[in-house]
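Novice: The following block contains a protein sequence and its predicted model.
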2 protein chains.
Amino acid sequence: MVSSNHENAAGSLAFPKRLWGKIVGFALRLKNLGKDDPRRMIHCFKVGLALTFVSLFYYFKPLYDGFGLDAMWAILTVVVVFEFSVGATLGKGLNRMLATLTAGALGIGAHRIATLSGETGEPILIALFVFIIAGIVTFLRFIPQIKARYDYGMMVFILTFCLISVSGYRDEEVIRMGFERLSTIVIGSCAAVFVCTFICPVWIGVDLHNHIATNIEKLGNFLEGFEDGYFKISEDGQPINKSSSLQGYKSVLTSSSKEEIMANLAKWEPCHGKFRFRHPWNEYLKVGSVTRQCAFKIESLNHYLTSEIQSPPEVRSIIQGECTVISSECGKALKELASEVRKMTKSSAAEPHITNSKAAAENLKAVIRSSLSKHCNFLEIIQAGAVASLLFEVVKCTEEIAGAVHKLASLAHFKNAKPRVTPETQELPSQGAVNPVSGIDGAHHVITIDPSQSLRESENSSPPILDPRMEV
Amino acid sequence: MVSSNHENAAGSLAFPKRLWGKIVGFALRLKNLGKDDPRRMIHCFKVGLALTFVSLFYYFKPLYDGFGLDAMWAILTVVVVFEFSVGATLGKGLNRMLATLTAGALGIGAHRIATLSGETGEPILIALFVFIIAGIVTFLRFIPQIKARYDYGMMVFILTFCLISVSGYRDEEVIRMGFERLSTIVIGSCAAVFVCTFICPVWIGVDLHNHIATNIEKLGNFLEGFEDGYFKISEDGQPINKSSSLQGYKSVLTSSSKEEIMANLAKWEPCHGKFRFRHPWNEYLKVGSVTRQCAFKIESLNHYLTSEIQSPPEVRSIIQGECTVISSECGKALKELASEVRKMTKSSAAEPHITNSKAAAENLKAVIRSSLSKHCNFLEIIQAGAVASLLFEVVKCTEEIAGAVHKLASLAHFKNAKPRVTPETQELPSQGAVNPVSGIDGAHHVITIDPSQSLRESENSSPPILDPRMEV
């Protein structure tokens, strides 16, 4: 009886305790969300500011007398147009303004035609127009090119056309109505774009730029750590470096749709910093694509780090030397290329590393031809052979990435790097600049996309970067 | 002089001709867009219908007298809530209604508190409320779980709160205003959901279901065609089947974000057909994930179809027999699993194929141990060894896919298949059901996602399926 009372008391205490634990956990998550990318906090402040600004239309009598209840459209526009990045906000703002203008004009025209057909014919004709225009524009939204950049505009077009032509049936002053709707939407869009662009702007183009560089770095990190992961075996026969620090490349495997969305948004941005208006954003997609091809090879390589069937250490030691040179030289080359992208300087610092890795690949072939084939158990060396074969592929991919990066450098007019004195000294500054970002341990930069997040998390947690289309 | 005139005439004719060509091209593309997925045409018809329906509020005097100009919100709601699939429409409709209800109540409360503080204090207090609420809710939108399912609701919350509390400053009847806004939004949302659900509904859950089955089939197709691609060499030393028919699996590599979005939308759908309300949609993501792991291995295998360095035919012929058995048996197993998913029947038809492929893998190891290692040039056999090693991986992946599919089958209560007489007769019906969809040649089904589209195209061209969040 006593113990049962105790249990009840403990039970009744457990619930508030659990609740408190959940609240603390939630608060901690919010804190981390803001800490991971402080721009998020600033974004919230900016949204509040823009909304407070446009609501002035209600508070000041002279402003309110001009627009009346239509000032509501300005508030609505700020809420739906204001996005995390300048590109997204500008794209939506322009889409919204242009669509309102054209659909408003068309709506007024439709209303005029409908009124000609008499009192009975008018609603029938308007309903027909609405049906046809809504159907056609909805279908146009399925076209990939339109969907990628003008989907939001298409939706606003349907909306405005319906509102203007249908409300015209009850409100004779369609032209005034159309004009007021347009002007309040222009005010709301401009307020959103102004606050988004001039207060701590988040340029999606810079994010894409850094995202591509970070992805190349992630592959470089894997390759530089590959030796420890594959060849250095601990006493229990397991590789000593199986750690998650090598797994950063995984997010590269599935980043294609994210990159496409970012490039589409970046095209809306005006010139900023080192980026011109017509910066070759599509070239970033090409670099991203060859990087992903390389990541697929690395995914296969990674398998041999964790595979249960391993070639015995004596077999691995035969190929260790040249494999190490190939992977570390490719890793260095990739990091140089990442640094070239990040610093926006033309550089040939990656070339010697690529040359070294190709030479090592030739040596490895010779080693395989001479030493490995003397080994009696083919089944034991097949894994080592597969690793070697994948490393040959990685060398080829690295060359392709270098080609794509150099093409980007020339099209985007990267500036020429200052000549350096010796090849040895080349690596220090660029690595120094690169390492903090490529770390998987949580070093975050205000300006770069957080490399420690998996794609899934980053896709989920930064919605305004990722969605080109939204809302009325 | 004459030729120059001719050129001018040709030039002046060329422009209208080019323009006409472009128009014809555009029309053809539109036609293909509708032909690829006839549901798109129906969707356009449904949007037009729903809009015409809600605009009745304007045309009929008794209805108009009830709502007045607020009927506009019903039209606006239909435009922004109506999506391609039932899940997306229902999700947005519920988000919109719930957010309007809660934010409306909060807005009225805020307005009441503000009015207590006198004429000067009122706008200051309202502005402060707007700033704080907008900032907090904007921050909540960064939380991945909220973003995935309630992002649209969060935006509508900010919007409604601002509109109600700010307009309250000029319009004393905030409660009436809030109620009218809520009721028109409920009418608009219900109209959209009703039309979307009861006229040729597009269930995103069915799409996800078929998408997962199709992806498994695509891998099966590759494996079944692998023998022709790798071992059957034409006279010029090139594989005879390098054709694009083997490349269908490529879209599997990058389909993860698409699957996540589809699963999130499917969770909104009520029970329909064989799908219950709480269908285990997350299990589909797990099946999708192991399928993608297998696709990564196949990507590496595919490389050896197109690689310039090939093991000579005499080396390949040594492993051909067992490799063929492994790939074709794995292919058959995957197709059986795809059929199990598609037909929603528990089946063990894949097991014998998996057993066969495992036996063949053991045989292949023996072949490698005995015959291949006698071959003198190790460099020549390293590619063949890598292919064999990858095939071992594929066998393992196939087992994992089978495990995930069986778990899905049990959690989703797939019905038991009718016992079949002999193992031989098993394959015919299921293959018959499977083949038309897995073809890359453009066989399209009304109910399945078009397998011939690359992910990029399908992501671009079917926007309403893919976007969980949209618009006011």
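Specialist: Received, thanks. Residues are numbered from 1 along each chain as shown, chains lettered A, B, ... in the order given.
Novice: Tell me the buried residues in stretch A:64-72?
Specialist: A:Y64, A:F67, A:D70, A:A71, A:M72 (16 or more other Cβ atoms under 10 Å in any protein chain shown). Any C-beta I mention is one placed from the backbone N, CA and C, and that applies to glycine too.
Novice: out of the residues you listed, who's nearest A:L28?
Specialist: A:M72 (38.3 Å; Cβ to Cβ).
Novice: Run through the residues that contact that closest one.
Specialist: Counting by Cβ atoms under 8 Å, 6 or more residues apart in numbering or on different chains, A:M72 touches A:T184, B:L163, B:S167.
Novice: can you put the residues you listed in CSV and add pLDDT and secondary structure?
Specialist: Shown next, in CSV, are these (pLDDT from 0 to 100; DSSP: H, G, I helix; E, B strand; the rest coil):
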residue, pLDDT, secondary structure
A:T184, 91, helix
B:L163, 89, helix
B:S167, 82, helix
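Novice: export these to CSV and tack on neighbour count and distance to A:V193?
Specialist: Output for the contacts of A:M72, formatted as CSV (neighbours: other Cβ atoms under 10 Å in any protein chain shown; distance: Cβ to Cβ, whole Å):
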residue, neighbour count, distance to A:V193
A:T184, 24, 15
B:L163, 22, 21
B:S167, 22, 24
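Novice: ok, these vs A:L33, which is closest?
Specialist: B:L163 (27.5 Å).
Novice: The closest one and chain A, how far apart?
Specialist: Counting by Cβ to the nearest Cβ, to the nearest Å, the gap from B:L163 to chain A is 6 Å.
Novice: That residue reaches B:A110, doesn't it?
Specialist: No. Judged on Cβ atoms under 8 Å, B:L163 makes no contact with B:A110 at a distance of 11.8 Å.
Novice: Just give the number of residues close to the residue lying closest to A:S117 once chain neighbours are set aside.
Specialist: Of all residues not flanking A:S117 in the chain, A:L125 sits nearest, at 5.3 Å (Cβ to Cβ, 6 or more residues apart in numbering or on different chains). Around A:L125 there are 19 other residues, counting by other Cβ atoms under 10 Å in any protein chain shown.
Novice: Which per-residue confidence value corresponds to A:L466?
Specialist: Here, the pLDDT recorded for A:L466 equals 38.
Novice: The one 4 residues further on now?
Specialist: According to the predicted model, the pLDDT of A:M470 comes to 38.
Novice: same question, A:S289
Specialist: At A:S289, pLDDT is 93.
Novice: show me what contacts it?
Specialist: A:S289 touches A:S256, counting by Cβ under 8 Å, 6+ apart.
Novice: Please apply the same query to A:N302.
Specialist: Going by Cβ under 8 Å, 6+ apart, A:N302 touches A:F222, A:L246, A:Q247, A:Y249.
Novice: these two touch, right, the first one and A:S251?
Specialist: By that I understand A:F222. No. Using Cβ under 8 Å, A:F222 makes no contact with A:S251, being 11.8 Å away.
Novice: Around the closest residue to A:A134 other than its chain neighbours, count how many other residues there are.
Specialist: Spatial nearest neighbour of A:A134, excluding adjacent residues (Cβ to Cβ, 6+ apart): B:G48 at 4.6 Å. B:G48 has 23 neighbours, counted by other Cβ under 10 Å.
Novice: Over to A:K343?
Specialist: Counted with other Cβ under 10 Å, A:K343 comes out at 18.
Novice: how far away is it from A:H209?
Specialist: The spacing between A:K343 and A:H209, counted by Cβ to Cβ, to the nearest Å, is 11 Å.
Novice: what's the answer for A:L337, then?
Specialist: Distance from A:L337 to A:H209, by Cβ to Cβ: 13 Å.
Novice: higher neighbour count, the two?
Specialist: A:L337 (30 against 27).
Novice: residues contacting that one?
Specialist: Taking Cβ under 8 Å, 6+ apart, one finds A:I216, A:A350, A:I401, A:A402, A:V405 in contact with A:L337.
Novice: Double-check A:S300 against B:S300; I have them as touching.
Specialist: Yes. A:S300 lies in contact with B:S300 (Cβ under 8 Å); the separation is 4.7 Å.
Novice: Residues in contact with both of the two, list them for me.
Specialist: With Cβ under 8 Å, 6+ apart, A:S300 and B:S300 have common neighbours A:L390, B:L390.
Novice: From what I see, A:I382 and B:L391 are in contact.
Specialist: No. A:I382 lies out of contact with B:L391 (Cβ under 8 Å); the separation is 11.3 Å.
Novice: low-scoring stretches of chain A, by residue?
Specialist: Along chain A, the parts satisfying pLDDT under 70 run over A:1-13, A:171-172, A:232-245, A:307-311, A:372-380, A:418-472.
Novice: mind checking which helix or strand the residue most central in space within it is in?
Specialist: In chain A, the residue lying closest to the centroid (Cα atoms, centre = their mean) is A:K258, at 4.6 Å. For A:K258, the host element (DSSP states H and E) is helix A:256-266.
Novice: Does anything pack onto that helix? Which helices or strands?
Specialist: Contacts defined by 3 or more Cβ pairs under 8 Å, 6 or more residues apart in numbering or on different chains; DSSP states H and E place helix A:256-266 against helix A:86-116, helix A:144-167, helix A:204-230, helix A:281-306, helix A:455-461, helix A:463-466, helix B:256-266, helix B:455-461.
Novice: thinking in terms of the whole chain, how far from its middle is it?
Specialist: Relative to the chain's own centre, helix A:256-266 is displaced by 6 Å; criterion: Cα atoms, centre = their mean, to the nearest Å.
Novice: tell me the angle that helix makes with helix A:281-306.
Specialist: Relative orientation of helix A:256-266 versus helix A:281-306 (axes from the mean of the first three to the mean of the last three Cα atoms, to 10 degrees): 160 degrees.
Novice: Alpha carbons of helix A:256-266, as CSV, please.
Specialist: Only the C-alpha atoms of helix A:256-266 are listed here, as CSV (Å, rounded to 0.1, in the frame of the first residue of the first chain):
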residue,chain,number,x,y,z
SER,A,256,21.5,18.0,-57.2
SER,A,257,18.0,19.3,-56.7
LYS,A,258,19.2,21.8,-54.0
GLU,A,259,21.8,23.2,-56.4
GLU,A,260,19.3,23.6,-59.2
ILE,A,261,16.9,25.5,-57.0
MET,A,262,19.7,27.7,-55.7
ALA,A,263,21.0,28.5,-59.2
ASN,A,264,17.5,29.4,-60.4
LEU,A,265,17.1,31.8,-57.5
ALA,A,266,20.6,33.2,-57.9
